[in-house]
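> What follows is a predicted structure for the sequence shown.
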Amino acid sequence: MSKENVNHLLQLNASLPKGTKKRSSSTRYSKKKDSVTTPTPKIQKPAEVKPAEFDPIAAQEVVFKPNPGPQTQYLASSEREVLYGGAAGGGKSYATLADPLRDMNNPDFSGLLVRHTTEELRELIQKSQELYPKAIPGIKWSERKSQWTTPRGGRLWMSYLDKDTDVMRYQGQAFNYVAFDELTQWNSPYAWNYMRSRLRTSSTELGLYMRATTNPGGPGHSWVKKMFIDPSPANNPFWATNIETGETLAFPQGHSRAGEPLFKRRFIPASLFDNPYLADTGDYEAMLLSLPEHQRKQLLEGNWDINEGAAFPEFNRSIHVVEPYDIPQSWTKFRACDYGYGSYTGVVWIAVTPSEQLVVYRELYCSKVTASDLADMILREEAEDGTIRYGVLDSSLWHNRGDTGPSLAEQMNMKGCRWRPSDRSKGSRVSGKNEIHRRLQVDEFTEEPRLVFFSSCTNTIAQLPSIPLDKKNPEDVDTNAEDHLYDALRYGIMTRPRSSIWDYDPSKNQRTGFQASDSTFGY
């Protein structure tokens, strides 16, 4: 008899009127006819059952376990927009499928996972049909809707976005989770940006996430690189920026949160060697090693600075990009500028080390800025630099272009922002390109490159390795590409800067060790 029944019986006996004979739960009859005896009930405390040790790993079949390192970091990331990938073979597809599983049993979950074409989507669906029924028993797949539905009502669509107009299929819909597999297959950010507008939920238990995986290369390489790679070192979360201007996205003026940044992004790189299932045998690595150089660097090394037909394939972030440090006052410093109002203005500041290495330590990249305002901006930027030996500016800014007022260069000179004209003679473009090639080489004596960039010069670092060759003239770069900071750099290095030649005193007309080309300005 259970403890509860015994207690109930005792309470029942206790409530009988005085003098009433109580009965136990079991009545034994004596040998005498019609004679009964009632034993005193004996109550025993039920035995306590000690549960067996519970091992959650042994108690279930593990259908997916992320690899330590980048794959685990990707699944645990909390930023609004995250890009995972880099080299081939890093386990991107399985990570993409596993990521939404954490919330799919929530009845308010609404997710979307897309590929560029239906053919590419078919492989992803097949992998999901192997994984999802094991991870969530009772989950159902609808071929007609191309949708997974969990027993509790969570939904995940798997679809394609072949053309930009395909995003209109989702007009009016809301998702709390959107993922793009192989993001660089989209040649513009239109689809990504539009689907961000579909990201919303009324549930307080669900977050808002956009996720993407990809390799370097492909038609969308440039915009993906600007959005996720260029703004910040790998693995470091950063506030989302405008990929055209580089400015942090923020709430507009008049908003209650005016000036606050909107959300964070993050790039998590992965390589073949982060996936032991492919790396241990070495077979896949051998296949990647057999590829042409630019494809090998993209797919095996995960190098985002390599483009087919790039003008400067020798550029290497691990060699040519350094962390900022204090420039000694004794080092020679100068600046160079390529001006544009309707397009962009690029300014770079360069220091010369005692070993003749050029260090690009600051950049300015802006548009819709007048020459006079640019002069003020430049003077503010270099106020703490000490002596700026000289500045070199696109020589076309000295042209009057039919007007009678001061030229753009003269307007800046009158502000105290002094310039000398750049060399734009015939053949100067090719000579400048060749000098950059020479500067990117590692000096055999110092064992350091002759040209390095502070990591804070994000636009220059992004543009230089991305500039393509001119298809009609492989000795020059494509002038239709984004080359404003490249031109500024080219103007600067062609002034033959050295750390030991600035001993010319124009007031005394002395020339010791350096022949000045202009006795008026001293250079």
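Right, received. Where do you want to start?
> Quick check: closest non-adjacent residue to K226.
I243 (4.1 Å; C-beta to C-beta, 6 or more residues apart in numbering). For the C-beta atoms, the positions are set from N, CA and C on the backbone; glycine is no exception.
> tell me the contacts of the one you found?
Contact partners of I243, counting by C-beta atoms under 8 Å, 6 or more residues apart in numbering, are 189, 223, 226-227.
> Just give me the neighbour total for P449.
20 (other C-beta atoms under 10 Å).
> Same question for S146.
Residues near S146, counting by other C-beta under 10 Å: 16.
> swap in the one 4 residues further on?
T150 is flanked by 22 other residues according to other C-beta under 10 Å.
> what's it in contact with, if anything?
Per C-beta under 8 Å, 6+ apart, neighbours of T150: 104-105, 109, 136, 138-139.
> Where does the residue nearest to K226 sit: helix, strand or coil?
coil (DSSP: H, G, I helix; E, B strand; the rest coil).
> List the buried residues in the longest helix along the chain.
In the chain, with assignment by DSSP state H, the single longest helix is helix 118-135. Neighbour-count burial for helix 118-135 flags 121, 124-125, 128, 132, 135 (criterion: 16 or more other C-beta atoms under 10 Å).
> okay, the residues you listed in a markdown table with distance to E205 and pLDDT next?
Shown next, in a markdown table, are the buried residues of helix 118-135 (distance: C-beta to C-beta, whole Å; pLDDT from 0 to 100):
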| residue | distance to E205 | pLDDT |
| --- | --- | --- |
| L121 | 29 | 89 |
| L124 | 27 | 88 |
| I125 | 28 | 92 |
| S128 | 24 | 92 |
| Y132 | 21 | 92 |
| A135 | 19 | 88 |
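> so which two of the residues you listed are the farthest from each other?
Comparing all pairs in the buried residues of helix 118-135 by C-beta to C-beta, the longest separation belongs to L121 and A135, at 19.9 Å.
> quick one on the thing from earlier: quick check on the contacts of T150: which are buried?
By 16+ other C-beta under 10 Å, the contacts of T150 give 104, 109, 136, 139 as buried.
> The last one contacts P151, doesn't it?
Put plainly, it is I139. Yes. Applying C-beta atoms under 8 Å as the test, I139 and P151 come out as touching, 7.0 Å apart.
> Report the distance from stretch 446-465 to the chain centre.
19 Å (C-alpha atoms, centre = their mean, to the nearest Å).
> Give the ranges of residues in the stretch 151-300 of the chain that sit below the confidence cut-off.
272-285, 287-289, 291-300 (pLDDT under 70).
> Now, of the contacts of I243, which are buried?
Buried among the contacts of I243 (16+ other C-beta under 10 Å): 189, 223, 226-227.
> where along the stretch 301-450 of the chain do the strands fall?
With DSSP state E, counting those that start in this stretch as the criterion, the stretch 301-450 of the chain has strands at 321-322, 332-338, 345-352, 358-366, 390-393, 420-421.
> Which one of those lies nearest to E381?
strand 358-366 (6.3 Å).
> How about the closest residue to Y339 other than its chain neighbours: which residues does it bridge to?
Nearest non-adjacent residue to Y339, counting by C-beta to C-beta, 6+ apart: T345, 5.1 Å away. Under DSSP bridges, the beta-bridge partners of T345 are C366.
> any idea how far T345 is from A488?
Using C-beta to C-beta, to the nearest Å, T345 is found at 9 Å from A488.
> Name the residues contacting each of these two.
Counting by C-beta under 8 Å, 6+ apart, the residues touching both T345 and A488 are 337-338.
> and those two? which has more neighbours close in?
Taking other C-beta under 10 Å, T345 and A488 do not tie; A488 has more neighbours (30 against 23).
> could you say what helices and strands the host helix or strand of the more buried one packs with?
Using DSSP states H and E, A488 falls within helix 484-493. In terms of contacts (3 or more C-beta pairs under 8 Å, 6 or more residues apart in numbering; DSSP states H and E), helix 484-493 is packed against strand 332-338, strand 345-352, strand 358-366, strand 390-393, helix 428-440, helix 458-463.
> What residues sit buried inside the longest one?
Within helix 428-440, the residues scored as buried using 16+ other C-beta under 10 Å are 429, 432-433, 435-436, 439-440.
> Any chance of the residues you listed in CSV with distance to L83 and pLDDT as columns?
Shown next, in CSV, are these (distance: C-beta to C-beta, whole Å; pLDDT from 0 to 100):
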residue, distance to L83, pLDDT
R429, 35, 91
G432, 34, 93
K433, 32, 93
E435, 35, 94
I436, 29, 94
R439, 31, 94
L440, 27, 95
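> Dump these to a markdown table, plus distance to L379.
As requested, the buried residues of helix 428-440 are arranged in a markdown table below (distance: C-beta to C-beta, whole Å):
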| residue | distance to L379 |
| --- | --- |
| R429 | 29 |
| G432 | 26 |
| K433 | 30 |
| E435 | 28 |
| I436 | 27 |
| R439 | 28 |
| L440 | 31 |
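> which of the buried ones among the contacts of I243 lies closest to K65?
M227 (30.4 Å).
> That closest one in helix, strand or coil?
M227 is classified as helix under three-state DSSP.
> how much space is there between it and Y194?
The value you get for M227 to Y194, if C-beta to C-beta is used, is 14 Å.
> do the same with I136
29 Å.
> if we can go back for a sec, biggest separation within the buried ones among the contacts of I243, which pair?
P189 and K226 (8.8 Å).
> For the nearest residue to G153 once chain neighbours are set aside, give me its contacts.
Excluding the flanking residues, the one nearest G153 by C-beta to C-beta, 6+ apart is P107, at 3.7 Å. For P107, the contacting residues are 152-154, by C-beta under 8 Å, 6+ apart.
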